[in-house]
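Trainee: Structure of the sequence below:
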Amino acid sequence: MDWVLLFVCVLTILLTYHSINWLIFFLTKVGHVVKDQNKKNRPLVPVSGGLAVLVSFLFGILLYVGVNVFYTGVLPWNVDGNNLTLIFASLIAIIWVTLVGFFDDAFIYGSHEKSLGLGQLQKPLLTLLGAIPLMIVLSERTSFFIPYLGDISVGWMYPVILIPIGFVGAANMVNMLAGFNGLEAGMGVIYLFSLGMYAYVRQSFVAALIAFIALSAVLTFWYFNKIPAKIFPGDSLTYFLGGTLATVAIVGGLEFPALIISIPFLVEFLLKWRSNFSADTFGIWINGKILSKYEKVYSIMHLFTRTGNFTEKQITNYVIAIQIFFSIVIWLI
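Mentor: Numbering: from 1, shown residues only. Just a heads-up that it's a prediction; the model follows:
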């Protein structure tokens with residue numbers, strides 16, 4: 001077992017805990033708050049919790065790399081030149097995509113109903129820039145692995161087409177399945193743990209490192225975000241999660257398991273497409289239950305909210321259970 005990684009994860013948890021406490025105070029003080037739409041009185045809650053997660057994640061990664069570089073031989077995995085290049089390319093990609101999410105959070109309606117940020121076209125175009133570091137460092141990779149079929153060679157299309165599609169797609173799809181207390185972080189904890197263990201078992205060092213340290217920060221954020229939320233993730237966290245999911249899959253050669261894990265987000269994308277991406281996931285609070293604003297199903301959440309028979313906590317738990325199912329499936333194929 002890598003005890004240094006375990007120690008770094010513990011420090012990351014502690015740093016995230018204190019960072020979020022400070023961020024809640026700061027964001028509330030400057031009025032960077034939005035309404036909790038699924039509550040009776042729609043209280044104002046600070047948004048953009050992904051900033052604390054990003055800072056803690058960077059601290060964890062850099063600390064682990066620093067220990068490895070200056071105390072060579074104490075860790076089971078050696079951070080050589082190739083791995084360092086891959087790690088820092090991954091950091092650039094994740095930092096950029098998180099900042100894109102924060103730009104989307106930055107402007108809030110005067111009524112504090114929700115954030116008013118980037119347009120539907122601006123988001124994928126900006127997140128595309130985050131894929132460039134990965135495209136460069138993996139420019140010589142020409143194939144990906146599918147169980148029972150083996151390596152599928154696609155030549156130059158892997159770095160030039162598949163990496164940007166995967167990165168942009170993951171960042172934006174994770175952002176779509178959101179809007180309930182504890183949902184985004186709860187799902188993130190599940191798929192980061194599963195994909196991190198998958199990478200660890202298969203000795204994909206960089207992928208496992210990124211997944212486990214990100215998991216430590218997101219798990220701590222979930223503690224503050226679960227019902228009733230003290231802070232919202234905002235697009236800064238959803239884009240962090242999507243970018244991290246894509247990065248772990250790409251650098252670890254785990255494209256197929258990541259695709260299986262992403263099925264809930266793919267379904268959400270198709271459902272949102274039906275509404276031209278204009279439908280909200282949240283609903284209307286009625287006697288403790290959440291009722292959808294739409295007659296048709298434009299989100300996975302609407303499968304539950306259209307009946308008006310479920311509380312916010314129940315809906316969140318059911319959707320997280322769906323994510324658990326697909327996170328287990330990758331170990332069975």
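
Trainee: Count the neighbours of residue 282 for me.
Mentor: By other CB atoms under 10 Å, 21 other residues sit near residue 282. C-beta: built from backbone N, CA, C; applies to glycine.

Trainee: can you check the one 4 residues further on too?
Mentor: Burial of residue 286 is recorded as 10 neighbouring residues (other CB under 10 Å).

Trainee: what's near enough to touch it?
Mentor: residue 308 (CB atoms under 8 Å, 6 or more residues apart in numbering).

Trainee: repeat for residue 143
Mentor: 151-154, 158 are the contacts of residue 143 under CB under 8 Å, 6+ apart.

Trainee: So which of these belong to helices?
Mentor: Assignment to helices by DSSP state H places none of the contacts of residue 143 there.

Trainee: Reformat these as CSV; add distance to residue 305 and pLDDT.
Mentor: What follows is the contacts of residue 143, written out as CSV (distance: CB to CB, whole Å; pLDDT from 0 to 100):
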residue, distance to residue 305, pLDDT
151, 43, 86
152, 40, 90
153, 45, 90
154, 40, 92
158, 40, 94
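
Trainee: List the contacts of residue 323.
Mentor: With CB under 8 Å, 6+ apart, residue 323 has these contacts: 186-187, 190-191, 261, 264.

Trainee: Surely residue 303 and residue 292 touch.
Mentor: No: taking contacts as CB atoms under 8 Å, residue 303 lies outside contact range of residue 292: 9.2 Å.

Trainee: List the buried residues for the longest helix along the chain?
Mentor: Assignment by DSSP H gives helix 3-29 as the longest helix of the chain. If you call a residue buried by 16 or more other CB atoms under 10 Å, then helix 3-29 has these buried ones: 4-5, 8-9, 11-13, 15-17, 19-20, 23-24, 27.

Trainee: Could you check how far it is from the centre of its chain?
Mentor: From the chain centre to the centre of helix 3-29 is a distance of 17 Å (CA atoms, centre = their mean, to the nearest Å).

Trainee: Excluding chain neighbours, give the residue nearest to the most centrally placed residue in the chain in space.
Mentor: Taking CA atoms, centre = their mean as the criterion, residue 241 is the residue nearest the geometric centre of the chain, at 1.3 Å. In space, and not counting its chain neighbours, residue 241 is closest to residue 188: 4.5 Å by CB to CB, 6 or more residues apart in numbering.

Trainee: ok so, going back, mark which of the contacts of residue 143 are buried, thanks.
Mentor: Buried among the contacts of residue 143 by 16+ other CB under 10 Å: residue 158.

Trainee: which parts of stretch 55-72 are buried?
Mentor: 55-61, 63-65, 67-68.

Trainee: average pLDDT across that stretch?
Mentor: In this model, stretch 55-72 has an average pLDDT of 88.

Trainee: Run through who's touching that stretch.
Mentor: So stretch 55-72 is contacted by 4-5, 8-9, 11-12, 15-16, 19, 74-75, 77-79, 84, 87, 91, 94-95, 209-210, 213-214, 216-217, 220, 240 (CB under 8 Å, 6+ apart).

Trainee: before we move on, the earlier item: so which of the contacts of residue 323 wins on neighbours?
Mentor: residue 191 (28 neighbours).

Trainee: That residue and residue 327 touch, don't they?
Mentor: Yes: the pair residue 191 / residue 327 is scored as a contact, 5.4 Å apart, by CB under 8 Å.

Trainee: what residues do these two have in common as contacts?
Mentor: Joint contacts of residue 191 and residue 327 (CB under 8 Å, 6+ apart) are residue 261.

Trainee: hmm, who's touching the helix or strand where the residue nearest to residue 241 lies?
Mentor: Counting by DSSP states H and E, the element that carries residue 188 is helix 183-201. The contact list for helix 183-201 (CB under 8 Å, 6+ apart) reads 174, 177-178, 207-208, 211-212, 214-215, 218-219, 221-222, 225-226, 233, 237-238, 241, 244-245, 248-249, 252, 254, 257-258, 261, 264, 316, 319-320, 323-324, 327-328, 330-331.

Trainee: Before I go, just wanted to say thanks for your time.
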